[in-house]
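Colleague: Coordinates for the following, if possible.
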Amino acid sequence: MLSLQDLVERQKDRVQAVLNILLESPYFYKKDHEEHFLFLSRYQREFSAFFETFYGWQLVVDSKCARLYKPDWYNSAITPKNREMFDFTKRNECLGFMLLLEFFEQRLEEDSASVDEHENIKFRFGELLMFEGQRFRELFPEDADSFSDEQVRQLLRPIIPQLEKYRFLEKLDPPSDELIEQDDTIYECLPALWHYSVQRISRPLEEENK
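Modeller: Take a look at the predicted model:
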């Protein structure tokens, strides 16, 4: 196996480009820059060894997405609230994200889709709203009146922009001559959603509700 230094001596510009892309965003998608993504995939072992040796980070790459897992924070002067990271803290926001994952997994099962599919799953906001409203009322039957469609819409209001910012979802713009209602807005599920498991996320919530 080559070392990353060997690759730098041969293809410095491409190595630097891949390293910068991996550090500029939590997720590097194949569609961001296919040539650089394929270069990373080809030399995944070399890049993985570099990040493991010098940073203790784990590089994960599938057919559409690459990301770095960073298990520890070393600068204790930067408190959690000052870290720029994807992190919901309120109960209903955490549940809203968990239910999005459940919705995503249900759509995958219905469409018999896999991560290797060329097209990503797409949905209308109204479909997610209906699914989450029903699931909230099932989870909290004693508070069902607190989860009307409008209340769930308000609950999702701060969640969706965060999911767009951290590239879990991408809003697809309608044709310039077409006006649509919010419920008809189409979102694309980006490959980062494959890196989360609703079963693992929901376990602590289930334990808390016992």
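
Colleague: what's the burial count for residue 145?
Modeller: Residues lying near residue 145 (other C-beta atoms under 10 Å) number 8. To be clear about C-beta, it is placed using only N, CA and C from the backbone, and glycine gets the same treatment.

Colleague: Let me know the secondary structure of it.
Modeller: At residue 145 the chain is in helix, as set by DSSP: H, G, I helix; E, B strand; the rest coil.

Colleague: Residue 115 versus that one, what's the distance?
Modeller: The gap separating residue 145 from residue 115 is 39 Å, by C-beta to C-beta, to the nearest Å.

Colleague: Same question for residue 87.
Modeller: Distance, residue 87 to residue 115, by C-beta to C-beta: 24 Å.

Colleague: in what helix or strand does residue 6 lie?
Modeller: Using DSSP states H and E, residue 6 sits in helix 4-24.

Colleague: now residue 103
Modeller: If you go by DSSP H and E, residue 103 is part of helix 91-111.

Colleague: Pull the residues that contact that helix.
Modeller: 88, 113-114, 121, 123, 127-128, 131-132, 135-136, 139, 155-156, 158-159, 163, 168, 189, 193, 196-198, 201-202, 205 (C-beta atoms under 8 Å, 6 or more residues apart in numbering).

Colleague: Mark which of these are part of strands, please.
Modeller: Of these, the ones assigned to strands by DSSP state E are 123, 189.

Colleague: Pull out the buried members of the contacts of helix 91-111.
Modeller: 88, 121, 123, 127-128, 131-132, 135-136, 139, 155-156, 159, 163, 168, 189, 193, 198, 202 (16 or more other C-beta atoms under 10 Å).
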